[in-house]
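Visitor: what's the 3D shape of this:
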Amino acid sequence: MTNSYTAHNIEVLEGLEPVRKRPGMYIGGTDERALHHLVNEIVDNAVDEVVAGYAKNIAIHLLADGSIKIIDDGRGIPTDAHPKFPHMSALEVILTTLHSGGKFTEGAYQTSGGLHGVGLSVVNALSEKLIISVAREGQIWKQEYSRGKKSTELTCEPAKNKVTGTSIQFYPDPEIFSNRNFSPEKIFNFAKSKAYLFKGAKINWQCDAELLSEGDSTPAREILHFPHGVIDYIKTYLADDEQQAYIFSGANNLAKTHERVEWAFFFNNEDQSFINSFCNTIPTPQGGYHVTALKNSLLKSFRNFAEINHNKKAAQITAEDINPCVCGILSIFITAPQFQGQTKDKLVNQDIQRPVENVIKDHLDNWLMNNKDIANNILNLIIERSDNRLASKGDKEKKSNNKVKLPGKLADCLRKIPQGTELFLVEGDSAGGSAKQARNRENQAILPLRGKILNVVSNSDDKFANNQELKDLILALGCGVKANYNDEKLRYEKIIIMTDADVDGAHIASLLMTFFYQMTPQLIKNGHLYLAKPPLYKLVLGKDTHYAANEVERDKLISKYGKNKKIEVSRFKGLGEMSAPQLKETTMDPKTRILIKIIPDDNEDITINIINDLMGKNPELRLKFIQEKIGSDFQEIKNDILGS
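Guide: Here you go, the predicted structure:
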C-alpha cells in the first residue's frame, strides 16, 4: 500500500462545482432550513431593489410543480457583455460565478441584504432547473440553466410595454435535497416579515391551491402591504387598543449617514418576551451588536428615568429584569454588514453598537418623560421582577411571601378579591402566550399546563402528590383539596378549562374535569367550573370573518354564505395558532364568548359510575361504553365532546 501525495491528488473545482460538492458551506446544509434559504436569497435580492428605491412591487408564486417564482419590478439584471468576460453576458456571469454581483461596487446599493455575491449563483448551482427573465431597456431577455450551467442561449425579444424587472423561477435539485417540498406557511411568513420591515414594499403572495391542506391557515392569495411598517407588526400582538399606549416606536438615521435604525416595542408583564432583529431586512435570530445596543439603551434609560424621579430601588435593576417585559422588533439598514456565516444568523459589526444605542436611548428618554404614568407602571413592573429575582436568591429583606407561594408560570390578574375573576387553564406555553395577550389583566388569570395531566382516578396518591402540574394548579386555586377544601379560600370566581377544539383538547378537558370532581367536588357543586368553547374553523368571505366550533357549524356556514361567494376555510391547529385578538373575540371576551357551565348529575352514583368506567383502570369498561354508544348516539357523543 502506497501513501503517495502528489499534484495528481489536488482536485480543482471550477465554476459552481464547489457549491454542489459542499452545499453546507454556502446554505448551511441540505435540510428543510437550507432548502428555504434558497428562497430567502432570491427574495432578499428583490427586496434590495425596493430598499434602494428602484422597485415597489414583488410577487412570490409557489407552484404545484415544485417550483417557486419570484418577480420584482426593479431595474433588471444587466444583460450586456461583461468587461472582464466579453464572451459572456453580465447575467450569465452573475448566475455562474461565485462572488459576482452589483453589491461590491460602491454606489450601486446604499444598503443590501445579499452582500457575499453568492446568492443567485448558489441557487442556480443547486437547482435542477432555473428560468430567468429580465425586462430592461424595452427588451425581454430569457435564459434557462440546469445545475449551474446554461442549458439555452440568452434570447431577446421586444417588450410589449415599458416594464422593467427580473423574474426567477427555480426547481430545487433532487440530487441535493431529499425533501424538495417548500412550506407555504414558512415562505408566507417570511414574505410578510419583509413587507413589515420596509413599509414601501408591496408583496403579491400566491400559492397554488393543491399545496394547501384544509387545515392550513396560509392564504392562497394576499397582498402584503403595511403602511406603518414595524408598528403594524407589533399591533398584531396586541389584544386591545388600550395596549397601544405601551408601544414605543421610532426611526432615525445613524450619525447623519444613509444607515438607519427602526424599532417598535411594547411592554408587558406576561413572560412572553421576544426581540425579533433584522439587518437590511435579513433576520438575525442569534442577535448581534444591534441587539446588544438595544438592551443597553433600555437599561440605561429606565435607570436614568428612575433616578430623575428619585426612585432609589431602580439602582438594583438589571437587563435580566427588563428583557422579559419587552416584545418587539428591531431593524437596521447599514452599508457594510458583516454576518456570522453565509446564513447570516448574527450581525458582528461592532462599530454599530454605540450609534444604535445612542439613538434608541435618546428617543426612549424622551418617551419615558412624556408618558410618565405609563413609564412608572413599567418601572414598577421591572422593580417587582427585580425584587422577585433577589428574593429567589435568598434576599430576605425583599422577599414577598405572597408572590413566592404562587406557581411561576401563573399570569395572575390584578384584582385581589375573587369576585368577578377568572382563571383560564390552557394546554401548553404556546396557547398560554396567546391567552396572556388576549386576556383582560384586571380580572383574568392564565395558567398554562403541560399536555395531558395525570389521570387521578387510575393513578396512586403518591403520583398525584408528586405531579408538578397538579401541584401548580392546586397552588393557583388556593382552596385545598378533598377534606381540606375551603370554598372561601378559592382565589377565583370562575375556573375555565380552555383547550383546543379537537379530540386531544376534549381528552385534556375530561382529565381536568375528573381532577376537579375527584379532588374538589364542592367547587363544581358551587358553580365555579366552566368549559370554554373555542372555534375549530375560520371562514373568510371577503372582509367578513366567521368562526365554526366544528364540522357541522362549518358546513352550515358554507351552505349559508358560500353559494355565490368564494370562501376561504382554515382549520386552527390549536389555540396557540390563534392571534390574541382572535382568541379574545371568540373565546375569552365575556361579550362574545360561549361558556359551558359544568353541573354534576343530581344522582351522584351515576356520575361516579361514569367516571370509574371511563377514567378507571379497567379498559374493558371503556370498550363496552364505546361499543354501546358507537351506533345512533355516536354523533351525539361527538357533539357533546367537541361542542354542537
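Visitor: Provide a list of residues in contact with the nearest residue to G562 once chain neighbours are set aside.
Guide: Of all residues not flanking G562 in the chain, L541 sits nearest, at 7.4 Å (C-beta to C-beta, 6 or more residues apart in numbering). From N, CA and C alone the C-beta is placed, and that goes for glycine too. Neighbour list for L541: 561-562, 565-568 [criterion: C-beta atoms under 8 Å, 6 or more residues apart in numbering].
Visitor: now V47
Guide: Under the criterion of C-beta under 8 Å, 6+ apart, the neighbours of V47 are 58, 113, 194, 198, 201, 281.
Visitor: Equivalent analysis for L490, please.
Guide: Each residue near L490 by C-beta under 8 Å, 6+ apart is listed here: 418, 477-479, 523, 528.
Visitor: so where is the stretch 101-250 of the chain shaky, pLDDT-wise?
Guide: Along the stretch 101-250 of the chain, the model assigns pLDDT under 70 to residues 101-118, 215, 239-241.
Visitor: quick one: the residue positioned nearest the centre of the chain and S217, what's the gap?
Guide: Centroid-nearest residue in the chain, with C-alpha atoms, centre = their mean: N189, separated by 8.3 Å. Distance, N189 to S217, using C-beta to C-beta, to the nearest Å: 10 Å.
Visitor: Overlap in contacts, those two.
Guide: In contact with both N189 and S217: no residue, using C-beta under 8 Å, 6+ apart.
Visitor: helix, strand or coil for H61?
Guide: Assigned by DSSP: H, G, I helix; E, B strand; the rest coil, the conformation of H61 is strand.
Visitor: which other residues reach the helix or strand harbouring I231?
Guide: I231 is part of helix 230-235, with elements assigned from DSSP states H and E. Residues outside helix 230-235 that contact it (C-beta under 8 Å, 6+ apart) are 193, 196-197, 199, 226, 244, 247, 249, 262-266, 327-329, 331.
Visitor: Mind checking which of those are in strands?
Guide: The strands, defined by DSSP state E, take in 247, 249, 262-266, 327-329, 331 from the contacts of helix 230-235.
Visitor: re earlier: and the contacts of L541, which of them are buried?
Guide: Neighbour-count burial (16 or more other C-beta atoms under 10 Å) is assigned, among these, to E568.
Visitor: What residues sit buried inside the helix holding I231?
Guide: For helix 230-235, the neighbour count (16+ other C-beta under 10 Å) marks 230-231, 233-235 as buried.
Visitor: what about it, distance to the chain center?
Guide: Relative to the centre of its chain, helix 230-235 is centred 13 Å away, using C-alpha atoms, centre = their mean, to the nearest Å.
Visitor: just stretch 334-354 next, same as before
Guide: The chain centroid and the centroid of stretch 334-354 are separated by 23 Å, computed with C-alpha atoms, centre = their mean.
Visitor: could I get stretch 219-237 in PDB with only the CA atoms?
Guide: Coordinates of the C-alpha atoms in stretch 219-237 are reproduced here as PDB (Å, rounded to 0.1, in the frame of the first residue of the first chain):
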ATOM      1  CA  PRO A 219     -53.900  32.100   2.400                       C
ATOM      2  CA  ALA A 220     -53.900  31.200  -1.300                       C
ATOM      3  CA  ARG A 221     -53.600  34.800  -2.300                       C
ATOM      4  CA  GLU A 222     -52.800  38.000  -0.400                       C
ATOM      5  CA  ILE A 223     -51.400  41.400  -1.000                       C
ATOM      6  CA  LEU A 224     -48.800  42.100   1.800                       C
ATOM      7  CA  HIS A 225     -48.500  45.900   2.400                       C
ATOM      8  CA  PHE A 226     -48.200  47.600   5.700                       C
ATOM      9  CA  PRO A 227     -48.200  51.400   5.500                       C
ATOM     10  CA  HIS A 228     -46.800  51.800   9.100                       C
ATOM     11  CA  GLY A 229     -44.200  49.100   8.800                       C
ATOM     12  CA  VAL A 230     -42.900  47.700  12.100                       C
ATOM     13  CA  ILE A 231     -45.600  49.400  14.100                       C
ATOM     14  CA  ASP A 232     -48.300  47.400  12.200                       C
ATOM     15  CA  TYR A 233     -46.200  44.300  13.000                       C
ATOM     16  CA  ILE A 234     -46.300  45.000  16.800                       C
ATOM     17  CA  LYS A 235     -50.100  45.700  16.700                       C
ATOM     18  CA  THR A 236     -50.800  42.200  15.600                       C
ATOM     19  CA  TYR A 237     -49.600  41.000  19.100                       C
END
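Visitor: quick check: longest strand of the chain.
Guide: For the chain, assigning by DSSP E, the longest strand comes out as strand 127-136.
Visitor: List the strands paired with it, with their directions.
Guide: Partner strands for strand 127-136, per DSSP bridges, with pairing direction: strand 139-146 (antiparallel), strand 165-172 (antiparallel).
Visitor: Serialize these to CSV and add fields for mean neighbour count and distance to I610.
Guide: Formatted as CSV, the entries for the strands paired with strand 127-136 read as follows, by neighbours: other C-beta atoms under 10 Å; distance: least, C-beta to C-beta, whole Å:
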stretch, mean neighbour count, distance to I610
strand 139-146, 18, 66
strand 165-172, 22, 54
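Visitor: Make TSV from the ones you listed and add distance to S67 to it.
Guide: Below are the strands paired with strand 127-136 laid out as TSV (distance: least, C-beta to C-beta, whole Å):
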stretch	distance to S67
strand 139-146	12
strand 165-172	5
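Visitor: Got phi/psi on the closest residue in space to K597 that isn't next to it in sequence?
Guide: Counting by C-beta to C-beta, 6+ apart, Y530 is the residue found nearest to K597 once chain neighbours are left out, at 5.5 Å. Listed backbone geometry of Y530 is phi -140, psi 160, with angles given as degrees, to the nearest 10.
Visitor: just to revisit the earlier point, from the contacts of helix 230-235, keep the buried residues only.
Guide: Applying 16+ other C-beta under 10 Å to the contacts of helix 230-235 flags 193, 196-197, 199, 226, 247, 249, 262-266, 327-329, 331 as buried.
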